[in-house]
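Trainee: What would the 3D arrangement of this be:
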Amino acid sequence: MEISILTIFPSLFESVFSESIIKKAADKKIVRIRTDDIRRYAEGRHKTTDDKPYGGGAGMIMMTPPIVKAIAAARKKKFRKKNERVILLSPQGKVLTQEKARDLSKYKHLILVCGHYGGVDERILKFIDEEISIGDYVLTGGEIPAMAIIDTVVRILPGVVGKTASVTKDSLWDKKLAPPAYTRPYNFRGLKVPDVLMSGNHSAIEKWRAEKALENTVSKRPDLVERRKNGKPY
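Mentor: Have a look, this model is predicted:
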């Protein structure tokens, strides 16, 4: 997979992708991540990418032309359009879910456009495929949401995580939360690991985990249960 990040702050991504699982995925050539500065495509001496909103109002608005040029430069001729997805990170987009991350992991090339300031000129919507948000709150820009999307998508790709079960047993993978997990020490200040996990009885352990996963979901995220009842996406 290839991922192109279009941003006015490319240096923000340097440390994030030089550590942990994403770095390993890049080293294995499972993913190739490239950042590009939108300012390179702006006109004028000062390479301006934003301007005052028509009609007045607070904040500055990112201009469409530099972003459209950056998207065009990021596109890969080797990929058919159906294998490429252009995404604007925006609080107005649909909220990122595990199901959406799995869908995105099937593309060969993701182009992530990071908005900033007071928003992006509405006309950009004619040049993207979809808007995605990472939650119902507003951040200063799309850089952190882009990092979140990349992290959740890349770890799904085959060969990135050592054991497939490490991914498929995650919370939300099968539309439930994960069961409780324990490790050493066995007894911490009187709080002991459940006996079933020490029994060596694998069928009993799996049954316990399935029951606890359901309990966790009902008690911590009842909204997921309601979504399942109503047939809504997660």
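
Trainee: As a quick check, tell me the outermost residue of the protein.
Mentor: Outermost residue of the chain with respect to the C-alpha centroid, by CA atoms, centre = their mean, is residue 190; its distance is 38.7 Å.

Trainee: Return the helix or strand in this protein with minimum mean pLDDT.
Mentor: When the helices and strands of the chain are scored by mean pLDDT, DSSP states H and E, helix 164-168 comes last with a mean of 58.

Trainee: continuing past that one, what's the next helix or strand?
Mentor: strand 187-188 (DSSP states H and E).

Trainee: So what touches the next helix or strand after that following strand?
Mentor: Next helix or strand after strand 187-188 toward the C-terminus (DSSP H and E): strand 191-192. Residues external to strand 191-192 that are found in contact with it (CB atoms under 8 Å, 6 or more residues apart in numbering): residue 186. C-beta here means a position set from N, CA and C on the backbone, and glycine is covered the same way.

Trainee: just checking, what packs against the helix ranked longest in the chain?
Mentor: Ranked by residue count and defined by DSSP state H, the top helix of the chain is helix 202-220. Other elements packing on helix 202-220 under the criterion 3 or more CB pairs under 8 Å, 6 or more residues apart in numbering; DSSP states H and E are helix 195-198, helix 222-230.

Trainee: Please name the residues that touch the nearest residue to residue 213 once chain neighbours are set aside.
Mentor: Distances taken as CB to CB, 6 or more residues apart in numbering put residue 179 closest to residue 213, at 4.4 Å, once the chain neighbours are dropped. Neighbour list for residue 179: 208, 209, 210, 211, 212, 213, 216 [criterion: CB under 8 Å, 6+ apart].
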